[in-house]
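Participant: Mind folding the following:
(2 chains)
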Number of protein chains: 2
Amino acid sequence: MAASAGPEIERLIALLGKLPGLGPRSARRAALALLKRRDQLLQPLAQALSEAAAKVRACQVCGALDTSDPCQVCSDPGRDNALICVVEEVGGLWAMERGGAFRGRYHVLGGLLSALDGVGPDALRVTELVRRVGEGQAREVILALPATVDGQTTAHYLAERLEPSGVQVTMLARGVPVGGELDWLDDGTIAQALRARRPA
Amino acid sequence: MAASAGPEIERLIALLGKLPGLGPRSARRAALALLKRRDQLLQPLAQALSEAAAKVRACQVCGALDTSDPCQVCSDPGRDNALICVVEEVGGLWAMERGGAFRGRYHVLGGLLSALDGVGPDALRVTELVRRVGEGQAREVILALPATVDGQTTAHYLAERLEPSGVQVTMLARGVPVGGELDWLDDGTIAQALRARRPA
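Facilitator: Predicted coordinates for the structure are as follows:
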């Protein structure tokens, strides 16, 4: 990669290349940009990463990543406890928040059921969701899961598991493009799909 | 961006978004990937950045970035002192080294002459190059500069400045596509352009 630049730079390039969206060439470009802007970029990024590693925790209520536990959404008294929005990952939560149309609570599953990858319900935060719904004030659970096979399988499974609790289970409307990942949608589409949600 | 995730995560996303190749969305994805792989990716990257910030220096001979000074190329006794290859930035040096066709020395200019951006010879390591050629054993200076207007302007200027020293000044052959940046070429093209170099 950069065999003439010392093991530290090679290691930096290798680690940057593991980030989604950066291949070997763009990782080299990124490393070079960092090294050329030591005080403005390299040092601050090193510090931001160290702080994130030290402070960011999974919220014990919803599973989101935040520096406070419970997270900012869970500890916000102005949010509607009657609504719980289930997302695959924190990226989905961030996307919903950018849309700005949802003022309820969240539950981060931590993945999707997948027969192919051998992901069963025990690997996800399903029991926590069922308990939260059983103990809390939730009247409606909105499944904001991707419109993929695994996403829909997970949605059907969750609807079944939540049926005994009597809570209303809905899912985002057909505004989500088939095969689309929640994190890549524009904010308007997310808001529209939320408004047009229908029973699962 | 991720207004619900605490200032530390927002700051991390903002810094990642400053890297070339990462926009706001891919910066969020990268931050999420880092936070989800704390031990395998986040901590190691934080450490690699800190080490790079502490150890990487500009080589006092050629201007390359390396953890040793003089850099690995400058301190390699097996390299040919008669050849000096001038590159715009360290990325160009790395690209030349990946090609593997060059066994001489390097000189990193630190940029290109640009009337538009107000970059004059004093902002570049031109004086250092002229002195190196005057004092050293160089018989040929190969200008491996991009085939852009600024690159060609810089090449002509350097050829003029080096003329009194009597050194032969060549430039990479017309294998480099017009408008192309050295760092994005495939290794074969670089090797070919090096073999077919011609007088400037």
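
Participant: For the longest strand seen in chain A, output the C-alpha coordinates as PDB.
Facilitator: Secondary structure assigned by DSSP state E gives strand A:80-87 as the longest strand of chain A. In PDB, the C-alpha atoms belonging to strand A:80-87 read as follows (Å, rounded to 0.1, in the frame of the first residue of the first chain):
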ATOM      1  CA  ASP A  80     -44.800  10.000  23.800                       C
ATOM      2  CA  ASN A  81     -44.600   6.700  25.800                       C
ATOM      3  CA  ALA A  82     -47.500   5.200  23.900                       C
ATOM      4  CA  LEU A  83     -45.400   4.800  20.800                       C
ATOM      5  CA  ILE A  84     -42.400   2.500  20.400                       C
ATOM      6  CA  CYS A  85     -40.600   2.500  17.000                       C
ATOM      7  CA  VAL A  86     -38.500  -0.600  16.400                       C
ATOM      8  CA  VAL A  87     -35.400  -0.200  14.300                       C
END
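
Participant: Following that strand in sequence, what is the next regular element?
Facilitator: helix A:90-99 (DSSP states H and E).

Participant: just checking, next helix/strand downstream of that next one?
Facilitator: Next along the chain from helix A:90-99, counting by DSSP H and E, comes strand A:104-108.

Participant: And stretch A:152-171, what's buried?
Facilitator: In terms of neighbour count (16 or more other CB atoms under 10 Å in any protein chain shown), stretch A:152-171 has its buried residues at A:152, A:154-155, A:157-159, A:161-162, A:165, A:167, A:169-171. Placement of C-beta: from N, CA and C, glycine included.

Participant: Settle this for me: A:Gly6 is touching B:Val56, isn't it.
Facilitator: Yes: with contact defined as CB atoms under 8 Å, A:Gly6 counts as touching B:Val56 (7.4 Å).

Participant: Overlap in contacts, those two.
Facilitator: Shared between the contact lists of A:Gly6 and B:Val56 (criterion: CB atoms under 8 Å, 6 or more residues apart in numbering or on different chains) are residues B:66-67.

Participant: in chain A, which spans are helices?
Facilitator: A:7-16, A:24-36, A:43-55, A:90-99, A:126-135, A:149-162, A:187-195 (DSSP state H).

Participant: mind putting these in TSV, distance to chain B included?
Facilitator: Output for the helices of chain A, formatted as TSV (distance: least, CB to the nearest CB, whole Å):
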stretch	distance to chain B
helix A:7-16	5
helix A:24-36	4
helix A:43-55	4
helix A:90-99	5
helix A:126-135	18
helix A:149-162	18
helix A:187-195	12
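
Participant: that older thread, farthest-separated two in the buried residues of stretch A:152-171?
Facilitator: Spatial extent of the buried residues of stretch A:152-171 (CB to CB) is set by the pair A:Gln152 and A:Ser165 at 21.0 Å.

Participant: Please parse chain A into its domains.
Facilitator: Chain A breaks down into these domains under automatic domain parsing: A:7-55, A:65-171.

Participant: nearest spatial neighbour of the residue nearest the centre of chain A, skipping sequence neighbours?
Facilitator: The residue lying closest to the centre of chain A (CA atoms, centre = their mean) is A:Val90, at 2.0 Å. Closest residue to A:Val90 in three dimensions, ignoring its sequence neighbours and counting by CB to CB, 6 or more residues apart in numbering or on different chains: A:Leu65, at 4.9 Å.

Participant: Also A:Ser165?
Facilitator: A:Ser165 sits nearest to A:Val133 (CB to CB, 6+ apart), 5.0 Å away.

Participant: looking at the domains of chain A, which is closest to B:Leu185?
Facilitator: Per CB to CB, nearest to B:Leu185 of those: domain A:7-55, 10.4 Å.

Participant: Endpoints of the closest one, how far apart?
Facilitator: 29 Å (CA to CA, to the nearest Å).

Participant: any idea how far that domain is from the chain center?
Facilitator: 23 Å (CA atoms, centre = their mean, to the nearest Å).

Participant: for stretch A:114-134, same thing?
Facilitator: Per CA atoms, centre = their mean, the centroid offset for stretch A:114-134 relative to its chain is 15 Å.

Participant: which residues sit against it?
Facilitator: Taking CB under 8 Å, 6+ apart as the rule, stretch A:114-134 contacts A:61, A:63, A:84, A:86, A:107-113, A:138, A:141, A:150, A:153-154, A:157-158, A:161-162, A:165, A:167.

Participant: now that stretch: mean pLDDT?
Facilitator: Stretch A:114-134 shows a mean pLDDT of 93.

Participant: list the contacts for the nearest residue to A:Arg57 once chain neighbours are set aside?
Facilitator: Closest residue to A:Arg57 apart from its sequence neighbours, by CB to CB, 6+ apart: A:Asp69 at 4.9 Å. By CB under 8 Å, 6+ apart, the contact list for A:Asp69 reads A:57-60.

Participant: what's around the closest residue in space to A:Pro44 that isn't next to it in sequence, how many residues?
Facilitator: Nearest residue to A:Pro44, sequence neighbours excluded (CB to CB, 6+ apart): B:Leu15, at 5.7 Å. Neighbourhood size, B:Leu15 [other CB atoms under 10 Å in any protein chain shown]: 22.

Participant: I'd like the distance between B:Leu15 and A:Leu41.
Facilitator: Distance, B:Leu15 to A:Leu41, using CB to CB, to the nearest Å: 7 Å.
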